[in-house]
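> whatever this is, show me its structure:
(2 chains)
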Amino acid sequence: MSTDTSPLPGGLQEIADDFAAMAEPDRLQLLLEFSNELPDLPARYSEHPELLEPVPECQSPIFLVTEVADDPESTVRLHFSAPAEAPTTRGFAGILHEGLDGRPAATVLSVPAELPLRLSLENSVSPLRLRGLSGMLARIQRQIREKTQLPA
Amino acid sequence: MTAPTDTSTAKFASYADPERLVSTQWVADNLGTDGVVIVETDEDVLLYETGHIPGAVKIDWHTELNDPVTRDYVDGAGFAELMGAKGIRREDTVVIYGDKSNWWAAYALWVFTLFGHEDVRLMDGGRAKWIEEGRETTTEAPERDRSEYPVVERRDEEIRAFLPEVLDHLGKPLIDVRSPEEYTGQRTHMPAYPEEGALRGGHIPTAHSVPWAKAANEDGTFKSADELRAIYQDDLGLKTDDDVIAYCRIGERSSHTWFVLRHLLGFEKVRNYDGSWTEWGNAVAVPITQGQERGEAPSR
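The predicted structure follows:
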């Protein structure tokens, strides 16, 4: 378990609280809900898969792209593509989408790298599988830094 | 009490242990058979929850077959507890299937074998074939009564190799079942897979490179006995009384090859080195060969 107890940014703390409040078997069901609720790619990306970045840390193929709006908050939009046969990977993407889509760039950049360890999923998912979530977060943050020149 | 062998295909009959494989049709015909338990084991921990064969129980390799602290499998008491909780009896026929051409299913079968569970089989073609054929799935978890499963000590020596044994084995047949890029040392993990951390790339000296997938058809089913003999016996020159060790990255793909050699071709002594490259590639002062050459066993 992590020792940092400061609240997670964006909508992530609420998600972490939801997972923490559940019994072990129910946590997988909640992850499955995130998997099912992951929005489809908008056509401008589904027709141009080359615009998405692969995440090789995930056991199953997932691609993602971030957009940063030209507004005062540098609002971030997140888009993911992962097949239905990879529900765990889709679930991780769904958590990031629910917790961070539409938030300011500074908020997304402030998500700690230890996020996967704050979701109470080590026992039901396994630490090795959680590396996929780390890989997605790292890529999202790197893309945002490239697009905003905000400090890490 | 064991369930009948699937005699529906000439392919199964041609294997050394025809009773170790069943078809999707056999499973469909035996969903309600007393003493037959269908088990799903996947790489993806949520796949079962999205829909599974009716009545199938889930066993997760990461969270249930591994010891949570030591890098090892559960012990006899842990396995008995797991089987009890799943409602599996010692005398039951266990049929395992899963995603990714049955890699993790074969891994689970191998772990069941460490505990001497007598009748454990794979469903040829795995989860993908069942779904491809449009067969029924459900998200409903099965209700099974707890069973009494005896505490049986794990017996590693026959089918499991540890690093010192692999060192002693050099010069005898060794099969590296990883991708060609992992074998040569170009990369230390599977293409498009998470980096699981090996400090060195390459292979164990003298190992043959036979990627696991050579033993599988496009649809994930196993190749015929003749095709398998051509790969392992004709091409590599292995004999069924050879002492063979197979390895990969953590032991899951090599369980697939272990199953092929042991049960489909009838090799008498095959061991899976589950420490595999994540151990060997991090071990200090063990010999490593890079590139396509097999390399030579160090003189001793």
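
> quick check: next helix or strand after the helix or strand encompassing residue A:34?
Element membership of residue A:34, judged by DSSP states H and E, is helix A:24-37. Where DSSP H and E defines the elements, the next helix or strand beyond helix A:24-37 is helix A:43-46.

> hey, where'd the strands end up in chain A?
A:53-54, A:63-68, A:76-81 (DSSP state E).

> in chain A, what helix or strand scores lowest on average pLDDT?
strand A:53-54 (a mean of 82; mean pLDDT, DSSP states H and E).

> now check that one, is it near chain B?
Yes - Strand A:53-54 comes into contact with chain B (Cβ under 8 Å from any Cβ of the partner chain), by way of residue A:54. (C-beta placed from N, C-alpha, C; glycine too.)

> what comes up buried for the helix holding residue A:34?
Residues of helix A:24-37 classed as buried by neighbour count (16 or more other Cβ atoms under 10 Å in any protein chain shown): A:27-28, A:30-32, A:34-35.

> list the contacts of the most centrally placed residue in chain A.
Nearest to the mean C-alpha position of chain A, by Cα atoms, centre = their mean, lies residue A:96 at 2.6 Å. Listed by Cβ atoms under 8 Å, 6 or more residues apart in numbering or on different chains, the contact set of residue A:96 reads A:78, A:80, A:133, A:136-137, A:140.

> also residue A:108?
By Cβ under 8 Å, 6+ apart, the neighbours of residue A:108 are A:9-10, A:76, A:100, A:140-141, A:144.

> which parts of chain A sit against chain B?
A:28-29, A:31-32, A:35, A:54, A:56-61, A:84-89, A:91, A:123-126, A:128-129, A:131-132, A:135.

> ok, now which ones touch residue B:175?
Residue B:175 makes contacts with B:207-208, B:210, B:236, B:244-247, B:254, B:257, as judged by Cβ under 8 Å, 6+ apart.

> now residue 31: closest residue in space that isn't a chain neighbour?
Let's take chain A. The spatially closest residue to residue A:31, leaving aside those adjacent along the chain, is residue A:91, at 4.0 Å (Cβ to Cβ, 6 or more residues apart in numbering or on different chains).

> not quite, I wanted chain B
Leaving aside its chain neighbours, residue B:31 sits nearest to residue B:55 (5.4 Å; criterion: Cβ to Cβ, 6+ apart).

> that neighbour: how many residues sit nearby?
By other Cβ atoms under 10 Å in any protein chain shown, 18 other residues sit near residue B:55.

> and for the nearest residue to residue A:97 once chain neighbours are set aside, the neighbour number?
Once flanking residues are discounted, residue A:97 sits nearest to residue A:78: 5.4 Å by Cβ to Cβ, 6+ apart. Other residues near residue A:78 number 23, with proximity taken as other Cβ under 10 Å.

> how near is residue A:78 to residue B:158?
50 Å (Cβ to Cβ, to the nearest Å).

> wait, what's in contact with the residue nearest to residue A:111 when sequence neighbours are not counted?
Nearest residue to residue A:111 in three dimensions, chain neighbours excluded: residue A:9, at 5.5 Å (Cβ to Cβ, 6+ apart). Residues in contact with residue A:9 (Cβ under 8 Å, 6+ apart) are A:103, A:107-108, A:110-111.

> contact partners for the residue nearest to residue A:31?
A:31-32, A:34-35, A:38, B:46.

> for the contacts of residue A:108, which one is nearest residue B:179?
residue A:140 (28.2 Å; Cβ to Cβ).

> now the phi/psi pair for residue B:289, please.
The phi/psi pair for residue B:289 (degrees, to the nearest 10) reads phi -110, psi 140.

> isn't it up against residue B:203?
Yes - in this structure, residue B:289 is within contact of residue B:203 by Cβ atoms under 8 Å, at 5.7 Å.

> between these two, which contacts overlap?
Here residue B:289 and residue B:203 have residue B:295 as joint contacts, going by Cβ under 8 Å, 6+ apart.

> of these two, give the one with the bigger neighbour count.
Per other Cβ under 10 Å, whichever of residue B:289 and residue B:203 has more neighbours is residue B:203, with 27 against 18.
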